[in-house]
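# next come a sequence and a model predicted from it.
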Amino acid sequence: MIILGIESSCDETSAAIVTDNNDPEKRILSIVTNSQIDLHSKYGGVIPEYAARSHVDSIEHVIEQALKDVKVKLDDLDAIAVTSGPGLIGGLLVGVVTAKTLAVLNNKHFMAINHLEGHLLTTRLCYNVSFPYLLLLTSGGHFIFAEVLGIGNYKILGETLDDAAGESFDKVSKMLGLGYPGGPMIEKFAEKGNPNRFPYTIPLQKKTGCDVSFSGIKTATKLHIESLGGDITEQDKFDIAASFQNIVIKFIRKQITKAYKATTSNPKSVVVSGGVAANTKLRESLLEFSKENNLNFFAPPLLLCSDNAAMVAWTAIERIRSGFPYSNLDFKTKPRWPITDI
């Protein structure tokens, strides 16, 4: 089975050719991604209209290059899969219209893929991870603890009540003048900082359940910055970044412990995915948690933490192999598409 995947839900235009090879190392035949970081960095965040225009400019090239890199023709494909939600409506439309057009012109099956499901299944593209597993999806726009029971069978254990973790990293980075995207910049500055210099209180200590909230941490960071009186040294930035990152990871560790206790399927593995999964300290903390509970730990390669078309194509393969039907060509994009409504 050979699938063309297309991703354009936010600020990456990506195309990939993926197969159902039994060897995980041989599944991704090609992947081409055009990042819009340079475009949006001057604004400190994604500008939806600019993102959509960039997708229009890039999508034909990335698809052509992905096919060319492995000398695969459209005729060789079994299906065309595309992120159809959730995401920014402009970007989603670019990808979906392109995928539908290619499917019609080349008489290929069309598969509408949920972006969140793509992240949930990314590690199964890279490794032979068995169900069930406990998953943390953490990115710029999403934060979910889920019990992944099988393809299309996901139990939400906890979500963010406000900002996603990645969004908080972006906002704190902007406060410190470090640039966009915030995750890599905060991590880089934190390496030279004292994580215990600025005090924080772990949120939701009196609340039951596994939900998270990062708004209080973000506000506390703003107050710490203001307490310095506007004269912020480089070392201050190192220490604030380290302290902020430290409390976020401590909080996640506390809540994933609750999430694990809330599982009912006896999962044998912990999986992390999404853009924030690239954070080294977070990976180390989750690995430590997994070892303490005799669980396996999996995280995708850094290339596949951010939005990418390989996870889209792979999700289509997983759904096809599990007996799910192909999508109708009248499928409408869904800017809001809960993982429990697939």
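Looks like it arrived, so ask away. Numbering: from 1, shown residues only.
# my read is Leu137 is in a strand, agree?
Yes - counting by DSSP: H, G, I helix; E, B strand; the rest coil, Leu137 is located in a strand.
# the residue nearest to it when sequence neighbours are not counted: helix or strand, and which one exactly?
What sits nearest to Leu137 in space, not counting adjacent residues and going by CB to CB, 6 or more residues apart in numbering, is Ile144, at 4.5 Å. In short, each C-beta sits where N, CA and C put it, glycine included. Using DSSP states H and E, Ile144 maps to strand 143-150.
# so what touches that strand?
Here strand 143-150 makes contact (CB atoms under 8 Å, 6 or more residues apart in numbering) with 116, 120, 131-138, 154-160, 164-165, 210, 212, 255-256, 259, 263-265, 267, 271, 322, 339.
# do that again at 6 Å, thanks
Strand 143-150 is contacted from outside by 120, 131-133, 135-137, 154-160, 164-165, 210, 259, 263, 265, using CB atoms under 6 Å, 6 or more residues apart in numbering.
# in helices only, show me those.
Leu120, Ala165, Ala259 (DSSP state H).
# okay if I get those residues as JSON lines plus distance to Ile3, neighbour count and pLDDT?
Below are the ones in helices among the contacts of strand 143-150 laid out as JSON lines (distance: CB to CB, whole Å; neighbours: other CB atoms under 10 Å; pLDDT from 0 to 100):
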{"residue": "Leu120", "distance to Ile3": "17", "neighbour count": "25", "pLDDT": "97"}
{"residue": "Ala165", "distance to Ile3": "30", "neighbour count": "27", "pLDDT": "95"}
{"residue": "Ala259", "distance to Ile3": "32", "neighbour count": "24", "pLDDT": "98"}
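# out of the residues you listed, who's nearest Lys73?
Leu120 (30.8 Å; CB to CB).
# mind listing what that closest one touches?
Leu135, Val148.
# could you report the distance from it to Thr280?
22 Å (CB to CB, to the nearest Å).
# got it, and Thr33?
22 Å.
# so which of the two has more stuff around it?
Per other CB atoms under 10 Å, whichever of Thr33 and Thr280 has more neighbours is Thr33, with 19 against 11.
# helix or strand next in line after the strand or helix carrying that one, which one?
Counting by DSSP H and E, the element that carries Thr33 is strand 28-35. Next in sequence after strand 28-35, counting helices and strands by DSSP H and E, comes helix 37-41.
# now the strands for the stretch 51-200 of the chain?
In the stretch 51-200 of the chain, the strands defined using DSSP state E, counting those that start in this stretch lie at 79-85, 109-114, 133-138, 143-150, 153-159.
# kindly report the same for the stretch 201-342 of the chain.
Assigned by DSSP E, counting those that start in this stretch, the stretch 201-342 of the chain shows strands spanning 269-273, 296-298.
# most neighbours per residue, which of those?
strand 269-273 (a mean of 25; mean count of other CB atoms under 10 Å).
# hey, what's the residue nearest to Leu137 bridged with?
When bridges are called by DSSP bridges, Ile144 pairs up with Leu137, Glu159.
# ok, now how distant is it from Asn196?
29 Å.
# so those two - more neighbours on which side?
Ile144 (26 against 11).
# tabulate the strands of the stretch 51-200 of the chain (a markdown table), appending mean pLDDT and distance to Tyr50.
Formatted as a markdown table, these follow (pLDDT from 0 to 100; distance: least, CB to CB, whole Å):
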| stretch | mean pLDDT | distance to Tyr50 |
| --- | --- | --- |
| strand 79-85 | 98 | 19 |
| strand 109-114 | 98 | 24 |
| strand 133-138 | 98 | 25 |
| strand 143-150 | 98 | 25 |
| strand 153-159 | 97 | 29 |
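# would you format those strands as JSON lines with distance to Leu93 included?
Formatted as JSON lines, these follow (distance: least, CB to CB, whole Å):
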{"stretch": "strand 79-85", "distance to Leu93": "10"}
{"stretch": "strand 109-114", "distance to Leu93": "13"}
{"stretch": "strand 133-138", "distance to Leu93": "24"}
{"stretch": "strand 143-150", "distance to Leu93": "25"}
{"stretch": "strand 153-159", "distance to Leu93": "26"}
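# on that earlier part again, would JSON lines of the strands of the stretch 201-342 of the chain with distance to Cys305 and mean pLDDT be doable?
Supplementary listing: the strands of the stretch 201-342 of the chain in JSON lines, determined by distance: least, CB to CB, whole Å; pLDDT from 0 to 100:
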{"stretch": "strand 269-273", "distance to Cys305": "7", "mean pLDDT": "98"}
{"stretch": "strand 296-298", "distance to Cys305": "12", "mean pLDDT": "98"}
